[in-house]
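Chemist: fold the following.
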Amino acid sequence: MLLLFPVLLLGTTAQNKPDLVRGEDLIEVPAISEGFGLHNLFQSNMVLQRDQPIRIWGWASPGAVVQVVFAGEGEQTTASGDRSWSVTFPAKSASSEPLELHARSGGKTIILENILIGDVWLLGGQSNMEHPLSRVEQGDLEIVSANFPEIRILTVPQQNGAVEKLGFPRLYEWHSFFNTHYRKGDWDVCEPEIVKELSAIGYVFARRLHMATGVPIGVVDISRGGTCLETWIPKSALEAVGTREVDAIIAEWDQKIADYDPQQNLAARIARYEKRVAEMKERGQSIPAGFKPPTEPDPSPAMNMNVPGNCYASIVRPIEGLAVKGAIWHQGYNNAMQAEGHIMYRQLFPVLIEAWRKSFNNPAMPFGIISLCTDGKPQTLDNYLEMMINEGMYIREVQYRTYLDLSAAGDENIGFASSYDFRRSWYHPGLKIPVGERIATWALATQYGFGGLKWKPPVVTGMESKDGALHLSFDVPVGVQGDGDFEGFAISGADRRFQPATAEPLVTGTDARGRNQTDLRVLVLSSPHVSEPIHFRYAWGRNPLGNVIRQHNASGQPLATQRSDDWRIFEVPVKFGDQADRNALNQARAANRLFDMERRLKDAAALIQQEGEKNAKAMNNWEAKY
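Modeler: The predicted structure follows:
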């Protein structure tokens, strides 16, 4: 290619040439430059995707000539009437050699330095993906050892609104949950001071990939806490789904936006303020100096981050077209707060995956799913049934079934990893490092040729009701995490009354010494409280019991949360109303709490009888002997 202008600029510096700007000089800049500029994706210290055409774009005066030189190759173009321009360079192999990019137009030159060629991964989801390394268990050790100059980090700012944005600013963004500012929009080299603010899962994922491959890795974090699945999908794609659930949530938000009147909103805010002041005066309380009447209305609902399509328009769309290797996804908490939110999740999750693949120009883009993490009181055998009334497990089930469906359809680039077994009661469980390791195992096995890594969970291939038990068949032999018996299964008959089940490998015979021979590809599920089981559930709790993994798998890929029935949450054990509202769920929870107590009393009575008979037999033997 023609080398356009390297000789003049290679010896120049920002100090002796006023119209030359180096990438590192840009500290806080707007999303779109007023004059000539690059999209803020393109900065010093970035990673560009290997083995794909390299497209560079930005803005300039209409009709202005733009010249770009990258790694000794040059391209030239003319800015269009809307000021946009782009050039494309041929694909390049991975390289740790720092490269420069020079862009020039209208007498202004921008120089970007220390650019590497490697793999770029997106980090998507909500706060459990966003959760920074500094706030997780063992994060401090990861931080002090995070000296990886060939890992690069970009966290995209969290813009708002349904209007599609073409770029993002570089700034310090206030995080209300953590009460601090985070630097957003800048590509940085991975080092301790930088990495402490990065997604813990994203950092561990990048670290493992880089350590195993030696390839430069870039991670682009676009996750945002408190967000629902539907906000991450283009509005046009949502409208094309056409289901009752999706149409209803779009209509609900459209109505909220239409009903919003800023003057009425401000008047209501002032009225609430005045009522509060009057109440304080009645109680003889002094009015704090900073307690002032509101002067502005609340933001329009149109700016709410969970309006369907908003996060796509404001966070994904600004980086659309960037060449990337793939994406990993960890989300579901807010959809689990919706009554039967899993129904819409099931309709929309494949739509999101398809939309993101389209946005990044790769219909086969690798997409790794991390299922919803734990939250709340741990499930035990004492509260087992009560803990089964929660929407979270239904979301996990949908995430797993989406993976199974796409995989069965021939998608070789869809991945899955459970996280429910890293049990913590807080909805931001601190065990993020092993979650990052687990999804990295999928990526290394499927995208980087490390075929010896076992990343797939065991898959149920068949179920048969036989001799008062359920026989579950698996595609691989199964074992338990740690020591002990198989845990986490429940079975039910036609009465829909689930009970915790004993799970044992199928006995196929005995060896020459009279020991049982077993088939670890089949588990036999039984309960003295279920005489004719027809369905099972596994790890069916928000913070569940469950320890089943692939046998002989050091990484412990667990059996995913799943069930064989299709009963709705408010229909177990009987139908409590016509919908999954709070009243119905409370009734279902109370009923299952009673069944837990009933089972425990029966088990206690059986144990007392058993021990009594054992003691009586021992006493008889003793008396006969003496």
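
Chemist: can I get stretch 400-409 in PDB, CA atoms only?
Modeler: Output of stretch 400-409 as PDB, limited to C-alpha atoms (Å, rounded to 0.1, in the frame of the first residue of the first chain):
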ATOM      1  CA  TYR A 400     -28.900 -23.600  30.200                       C
ATOM      2  CA  ARG A 401     -31.700 -24.600  27.700                       C
ATOM      3  CA  THR A 402     -30.700 -21.800  25.400                       C
ATOM      4  CA  TYR A 403     -27.100 -23.200  25.400                       C
ATOM      5  CA  LEU A 404     -28.500 -26.700  24.700                       C
ATOM      6  CA  ASP A 405     -30.800 -25.600  21.900                       C
ATOM      7  CA  LEU A 406     -28.100 -23.700  20.100                       C
ATOM      8  CA  SER A 407     -25.600 -26.400  20.600                       C
ATOM      9  CA  ALA A 408     -28.100 -29.000  19.200                       C
ATOM     10  CA  ALA A 409     -28.600 -26.800  16.200                       C
END
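
Chemist: give me the contact list for it.
Modeler: 346, 349-350, 353, 369, 371, 414-416, 418, 459, 560-562 (Cβ atoms under 8 Å, 6 or more residues apart in numbering). No exception for glycine: its C-beta is placed from N, CA and C like everyone else's.

Chemist: how far away is Arg272 from Gln264?
Modeler: Going from Arg272 to Gln264 by Cβ to Cβ, to the nearest Å gives 13 Å.

Chemist: one step back: most neighbours out of the contacts of stretch 400-409, which is it?
Modeler: Ser371 (28 neighbours; other Cβ atoms under 10 Å).

Chemist: with Leu166 as the reference, measure out to it.
Modeler: Noted for Ser371: a distance of 34 Å to Leu166, by Cβ to Cβ.

Chemist: could you point out the longest helix of this protein?
Modeler: Determined from DSSP state H, the single longest helix within the chain is helix 582-625.

Chemist: pLDDT averaged over it - what is it?
Modeler: In this model, helix 582-625 has a mean pLDDT of 89.

Chemist: show me what that helix is packed up against.
Modeler: With contacts taken as 3 or more Cβ pairs under 8 Å, 6 or more residues apart in numbering; DSSP states H and E, helix 582-625 sits against strand 499-500.

Chemist: burial check on the closest residue in space to Arg170 that isn't next to it in sequence, number of neighbours?
Modeler: Nearest residue to Arg170 in three dimensions, chain neighbours excluded: Gly185, at 3.5 Å (Cβ to Cβ, 6 or more residues apart in numbering). By the criterion of other Cβ under 10 Å, Gly185 has 23 neighbours.

Chemist: need the contact list for Asp484.
Modeler: For the record, residue 484 is Gly, not Asp. Taking Cβ under 8 Å, 6+ apart, one finds Asn547 in contact with Gly484.

Chemist: can you give me the end-to-end span of stretch 70-82?
Modeler: End-to-end distance of stretch 70-82 (Cα to Cα, to the nearest Å): 25 Å.

Chemist: pLDDT on that stretch, on average?
Modeler: pLDDT averaged over stretch 70-82 gives 97.

Chemist: for the protein, what's the longest strand?
Modeler: Looking across the chain with DSSP state E, the single longest strand is strand 108-125.

Chemist: how about the CA coordinates for that one, as PDB?
Modeler: In PDB, the C-alpha atoms belonging to strand 108-125 read as follows (Å, rounded to 0.1, in the frame of the first residue of the first chain):
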ATOM      1  CA  LYS A 108      -4.000  17.900  12.400                       C
ATOM      2  CA  THR A 109      -2.200  14.700  13.100                       C
ATOM      3  CA  ILE A 110      -3.100  12.100  15.800                       C
ATOM      4  CA  ILE A 111      -0.600   9.500  16.800                       C
ATOM      5  CA  LEU A 112      -1.600   6.300  18.700                       C
ATOM      6  CA  GLU A 113       1.200   4.200  20.200                       C
ATOM      7  CA  ASN A 114       1.800   0.800  21.800                       C
ATOM      8  CA  ILE A 115      -1.000  -1.000  19.800                       C
ATOM      9  CA  LEU A 116      -1.000  -4.800  19.900                       C
ATOM     10  CA  ILE A 117      -2.600  -7.300  17.700                       C
ATOM     11  CA  GLY A 118      -4.400 -10.100  19.500                       C
ATOM     12  CA  ASP A 119      -7.900 -11.100  20.600                       C
ATOM     13  CA  VAL A 120     -10.600  -8.800  21.900                       C
ATOM     14  CA  TRP A 121     -13.400 -10.100  24.200                       C
ATOM     15  CA  LEU A 122     -16.600  -8.300  25.300                       C
ATOM     16  CA  LEU A 123     -17.800  -8.600  28.900                       C
ATOM     17  CA  GLY A 124     -21.600  -8.300  29.000                       C
ATOM     18  CA  GLY A 125     -24.300  -8.500  31.600                       C
END
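
Chemist: tell me the buried residues in that strand?
Modeler: Neighbour-count burial for strand 108-125 flags 108-112, 114-125 (criterion: 16 or more other Cβ atoms under 10 Å).

Chemist: packing partners for that strand?
Modeler: strand 20-22, strand 37-38, strand 47-49, strand 95-105, strand 148-155, helix 200-213, strand 217-221, strand 326-330.

Chemist: other residues contacting the shortest one?
Modeler: Think strand 37-38. 29, 56-60, 103, 110, 112.

Chemist: rounded mean pLDDT for that strand, please.
Modeler: For strand 37-38, the mean pLDDT works out to 96.

Chemist: cool, and the last one?
Modeler: Along strand 326-330, the predicted confidence averages to a pLDDT of 98.
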